[in-house]
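J.: what follows is a protein structure lacking sequence information:
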């Protein structure tokens, strides 16, 4: 079946602009995660959704970052007033929902802030 | 908090060589441990996992044993292939209600023919 998909695959924007990154999880997966991977680093947790609600957003770096999942499927990560330090690969993962389940990752969106 | 330390790369081997990538962790309780692999141009894929002490995860000829006494989860393969060239990430998920994955920095493996 289809895996986790993310769009766009690449996004170049200017400092101060607003961006939206989209994640389509595997069908039927109730849990959805966002991670950020900076160059030369492993992925770092940003936010976790169980269904429509953000169960844990403790990894969001500041209030410029926000994510939604209004219907419990597709999720959008929103970044306001982008800064050069936001440049990274943003990864989305989904799992069936039970904490013991494997997280399946999408290919990521590479965000470059000029 | 939880943390993962893995061997820094890059690691370059000849085909059929033995591979070890070291991984140690810091966590309270009994975390679950994972190795993820990222092939060139592809997303992260789960390679293997172990959920309790002394468990051995294995897949595609790779193995790793959960050693609580040394807080380690070293990745091994007896004979690497060119197609194993990738970045390997060690990760843990904490015990209890913790679901976040904490990753190491990754180790780039290049296997030459």
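T.: Great, that's in hand. Bear in mind that the values here come from a model prediction, so they are computed numbers and not experimental data.
J.: going forward, measure contacts between C-alpha atoms and count neighbours the same way
T.: Will do.
J.: which residues touch the residue nearest to residue B:101 when sequence neighbours are not counted?
T.: Leaving out its chain neighbours, the residue that sits closest to residue B:101 by Cα to Cα, 6 or more residues apart in numbering or on different chains is residue B:93, at 4.8 Å. Contacts for residue B:93 (Cα atoms under 8 Å, 6 or more residues apart in numbering or on different chains) come out as B:31, B:32, B:33, B:99, B:100, B:101, B:102.
J.: for beta bridges, what are the partners of residue B:93?
T.: Beta-bridge partners recorded for residue B:93 (DSSP bridges): residue B:32, residue B:101.
J.: grab the nearest non-local neighbour of the residue positioned nearest the centre of chain A.
T.: Of all residues in chain A, the one closest to the mean position by Cα atoms, centre = their mean is residue A:34, 3.4 Å from it. Nearest residue to residue A:34, sequence neighbours excluded (Cα to Cα, 6+ apart): residue A:92, at 4.6 Å.
J.: kindly report the residues of chain B close to chain A.
T.: Residues of chain B lying near chain A by Cα under 8 Å from any Cα of the partner chain: B:42-46, B:89, B:97-106.
J.: can I get the buried part of the residues you listed as one PyMOL selection?
T.: A single PyMOL command selects the buried members of the residues of chain B next to chain A (16 or more other Cα atoms under 10 Å in any protein chain shown):
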select buried, chain B and resi 43+44+45+46+89+99+100+101+102+103+104+105+106
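J.: hmm, back to that, redo the contacts of residue B:93 as a markdown table? Include pLDDT.
T.: What follows is the contacts of residue B:93, written out as a markdown table (pLDDT from 0 to 100):
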| residue | pLDDT |
| --- | --- |
| B:31 | 91 |
| B:32 | 92 |
| B:33 | 95 |
| B:99 | 81 |
| B:100 | 87 |
| B:101 | 92 |
| B:102 | 93 |
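J.: nearest to residue B:83 among those?
T.: residue B:33 (23.9 Å; Cα to Cα).
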